[in-house]
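Peer 1: sequence and predicted structure, then a few things I'm wondering about:
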Amino acid sequence: MTPMLKHVIDIPHILYHNKMEISRIGIITHPEVKKEFVQKIVKKLRKKDIHLYFDPIAAGKIKEKKTNVGDMRVDLAIILGGDGTLLWSVNELKSNPIILGINTGRVGYLAELKAENAIKGIEKLLRGEFFIEERMKLIANNRYEALNELAILPKRPASLLEFRINLDQEKIAEFRADGVLVSTQTGSTGHSLSLGGPIIHPEARVYLISPMVPFMREQAPLIVPDSSKTEIALLRKNRDAYLVLDGNIVKIIKSQSKVSIEKSKNNVKFVRFPKNKKKEDVDTNRKA
């Protein structure tokens, strides 16, 4: 791990110590999580006066009443799985609860706990021994939110798109490329890093616009203030594109149309434990 990467990962953006009362908890589970593990988590939580909600997968494993993730109105969501499960859950949850990720997958950079430490972590949670770390989200077209990143990719494989980037209504770039990636600080250690982009410290009030395999190599990634509004226009005729948020296709973008991007008013609030020194070597976590 490089010194800079270790610095970014090991110093979380902790905002305040949390004394909130948690009375409603949602359990969201990846299909491959074992029934016995879910039961162990639930058994520990039921020692307190807490109302539990279960997504359809968790409910099916332990024979409980199911609640769709989008319908959960909870104070806290415990997510059992890897980063993919966590990102999907964050975008589905409408009540903006605090998030505790327990990594049972291969890539668990966003999770606070490993599976083997889950019960100790739940005990700390129930004693109120945790902090809240807030992470910024992006919003596209005033509707679609992303914690990590959003991408604009060609609908037709192996074809170039042509983009114009406006920042606060002023043109700052125009180029042809395989796509465009817009990343938060959290997403700067994901696909953006693979494109050669910088790692952004969680406290930096910026986001990153990265061309994906630009036709002219001198088009570099752009770091812009998070107070700015970005508009990305598709210039070529008959070249529709996909809008992809945190790995999920959410919309077809018609050729010669525009996508507006800005900081969302909704942050993601993660449970963090004071003495939980982050994290596993990121090279190990990023193997997928």
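Peer 2: Done, it's in. In this text, all values refer to a predicted model and were calculated from it rather than measured experimentally.
Peer 1: what residues are up against the nearest residue to Ile50 once chain neighbours are set aside?
Peer 2: Nearest-residue entry for Ile50: Ile25, 5.5 Å, with adjacent residues in sequence omitted and distances by CB to CB, 6 or more residues apart in numbering. For every residue, glycine as well, the C-beta is placed using N, CA and C. Shown in contact with Ile25 (CB atoms under 8 Å, 6 or more residues apart in numbering): 45, 50-53, 74-78.
Peer 1: Ile25 belongs to a strand, doesn't it?
Peer 2: Yes. Ile25 forms part of a strand when assessed by DSSP: H, G, I helix; E, B strand; the rest coil.
Peer 1: on that earlier part again, of the contacts of Ile25, which is the nearest to Ile199?
Peer 2: Distance to Ile199, by CB to CB, is smallest for Ala77 among the contacts of Ile25, at 27.1 Å.
Peer 1: who touches the closest one in this structure?
Peer 2: Taking CB under 8 Å, 6+ apart as the test, what Ala77 contacts is 25-28, 89, 93, 97-100.
Peer 1: for those residues, pick the one with the most neighbours.
Peer 2: Ile28 (29 neighbours; other CB atoms under 10 Å).
Peer 1: looking at it, Ile98 is touching Phe270, isn't it?
Peer 2: Yes. Judged on CB atoms under 8 Å, Ile98 makes contact with Phe270 at a distance of 7.1 Å.
Peer 1: list the residues that contact both of the two?
Peer 2: Ile132.
Peer 1: follow-up on the earlier one: the residue nearest to Ile50 bridge partners, please.
Peer 2: For Ile25, the beta-bridge partners are Leu52, Leu76 (DSSP bridges).
Peer 1: domains of this structure: list them as residue ranges, please.
Peer 2: With domains defined by automatic domain parsing, the chain comprises 19-129, 138-263.
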